[in-house]
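Visitor: any chance you can model this:
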Amino acid sequence: MFWCCFTTLRRPHDSLPQARPLVAQSISPIVQLDQIFPVPILPGNMEPDSSSQKKNDKAKLLCLKCRNVGHNASNCHARNWARDESSWFLSEQRRSLSAGPGLAESEKDLCKRCKDLDILQLLQKDLAWETTSDLNKIAARGNLTDNFQSIGKVGTIEFWNNCPLCICLFAITPSPNSATQDVLLITDWSMNRLSGETDTIKELEGWSQFPKCLLVTLSADSTSMEFNTRLHRGDALCVLEEDYPDHVLGGRVIPRDHIQISIIKDWLSSCDKLHTAKCRPVWTQKLPEVKLVDVSIRKIVSLPESPFEYLALSYVRGVFQPSFQLGSELKGKLPQTIEDAIDLVQKLGKQYLWVDSLCIDQNDDKDKEKQIMTLKDIYSGSYATTIALSGKSANSGLPRLKESENVFPQFNCRVGGKRLVGLMLTLSQQIWRAPWGQRAWTLQEALLAPDVFSSATTSSISNVTVCSVANH
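Guide: All right, here's what the predicted structure looks like:
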């Protein structure tokens, strides 16, 4: 299965080029960043001193060490540095960090350093690579020097909480392990965030149609992971697609209080129209034995005789152990994840939902055994499967289906007349770190479903989708 992540990236109806299969190539091991290149010398006007920032009671420094406000890392009293540089991206501190003044605000409030960066020119700079394999090879040879732009040392760099671009750069900077590391800007193709860590995108025609995204990395790291994997473990900034209409897979705004149903419908419709039978539900002789939830009447029913489609739910159930039989009415409030899944099915204009805790009689051992043996048929026969990716139990809910304070903010700012938005974490990173990704049975549920869309606190449910045909 090829996981195709559209986290805050807008997908056109049918404009993506077709991939051409290539023979897999071996990739040279990646050396440490301090072995790859000499650290660029920072121009004198690129790291502002205190006098370059407008001082007032609201302006405070942001610290890369403790991630608190009021000082920089050189004046931080925290004893230890972070052990994992990517731990910041799913931390409670980042969840509670202000996402900035908003895209409608003027860019006049940028600090001097951020005004001098010329982010848009950096995003338009030609790249010497296309695929992540190419990038890893160049990094291994130590030829990335010209692609980095240092904006200062961890200990002395100034990120101000009243500068929109400072907040964005601070938010996408990994956790450092020393004050002497350089904070480095680099750009990469937005398409390479979709390929994840397996480099499934080998070669595409027309790379110029894809925009680039801005990332922040740190020098002198001791990790042995491949360069592109480390580079894309966090967040990135990309220009909104509306501001670059000649590009595809540009950024888009993610609402905190609702999912974008129209986008899910559009993607599923495109899949129905453009893809092969490998991307469609598979009917087997075991499916007539399955029970479903009729969401229109909230009742456990048999499979209808007329043609129908159903969605399935993949989630971490926790301690919820109900007992429902054929004909049972779902009275009262169910756990939030299940209630949200029912709501989502209705919003998509569908009628039926399969949920293990409702459609398998938990007090009937024979029914449980028979249904468990049918799970592969259930998920492969579903029209689509919803994954509650970040939920720790059935009570966690589907993030962003309704307004919630539990979701991570999408960072944004306005630079040079263009709007920049955060792309959020990649799907591969969310899976590795999510409770759902730690369960063995979820592998089957994800692999067998013809279409999958995932719900997580770090992205919107309508931003992550998987299509089986993408692997063929």
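Visitor: what segments of the stretch 201-350 of the chain are helices?
Guide: 227-231, 261-274, 336-347 (DSSP state H, counting those that start in this stretch).
Visitor: ok, of those, where does mean pLDDT dip lowest?
Guide: The minimum mean pLDDT among those belongs to helix 261-274 (a mean of 82).
Visitor: next, the angle helix 336-347 makes with that one.
Guide: 60 degrees (axes from the mean of the first three to the mean of the last three C-alpha atoms, to 10 degrees).
Visitor: tell me which helix or strand R67 sits in.
Guide: When elements are defined using DSSP states H and E, R67 is found to belong to no helix and no strand.
Visitor: let me have the helices of the stretch 201-350 of the chain in JSON lines, extended by mean neighbour count and distance to L389.
Guide: Bear in mind the C-beta positions are built from the backbone N, C-alpha and C, glycine included. What follows is the helices of the stretch 201-350 of the chain, written out as JSON lines (neighbours: other C-beta atoms under 10 Å; distance: least, C-beta to C-beta, whole Å):
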{"stretch": "helix 227-231", "mean neighbour count": "22", "distance to L389": "20"}
{"stretch": "helix 261-274", "mean neighbour count": "15", "distance to L389": "15"}
{"stretch": "helix 336-347", "mean neighbour count": "21", "distance to L389": "11"}
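Visitor: save those helices as TSV, and put in distance to R83 too.
Guide: As requested, the helices of the stretch 201-350 of the chain are arranged in TSV below (distance: least, C-beta to C-beta, whole Å):
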stretch	distance to R83
helix 227-231	15
helix 261-274	37
helix 336-347	32
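Visitor: nearest to S178, out of those helices?
Guide: helix 227-231 (16.5 Å; C-beta to C-beta).
Visitor: phi and psi next, for T386.
Guide: In terms of degrees, to the nearest 10, the main-chain angles of T386 are phi -100, psi 130.
Visitor: so what's it bridging to?
Guide: Using DSSP bridges, the beta-bridge partners of T386 come out as L313, F453.
Visitor: wait, it sits on L398?
Guide: Yes: using C-beta atoms under 8 Å, T386 is in contact with L398, at 7.2 Å.
Visitor: which stretch of helix or strand covers R79?
Guide: In the assignment (DSSP H and E), R79 maps to no helix and no strand.
Visitor: need the pLDDT of the closest residue to I297 other than its chain neighbours.
Guide: Of all residues not flanking I297 in the chain, E329 sits nearest, at 7.9 Å (C-beta to C-beta, 6 or more residues apart in numbering). Note on E329: pLDDT of 94.
Visitor: and W160, by the same measure?
Guide: At W160, the model reports a pLDDT of 94.
Visitor: may I have the phi/psi pair for it?
Guide: The phi/psi pair for W160 (degrees, to the nearest 10) is phi -100, psi 140.
Visitor: now do the contacts for the closest residue to it other than its chain neighbours.
Guide: The shortest distance from W160 to any non-neighbouring residue, by C-beta to C-beta, 6+ apart, is to C166 (4.7 Å). Residues counted as contacts of C166 (C-beta atoms under 8 Å, 6 or more residues apart in numbering) are 62, 110-111, 113-114, 158-160.
Visitor: now R419
Guide: 103, 239-240, 242-243, 412-413.
Visitor: tell me the contacts of I172?
Guide: 214-216, 234-237, 411, 422.
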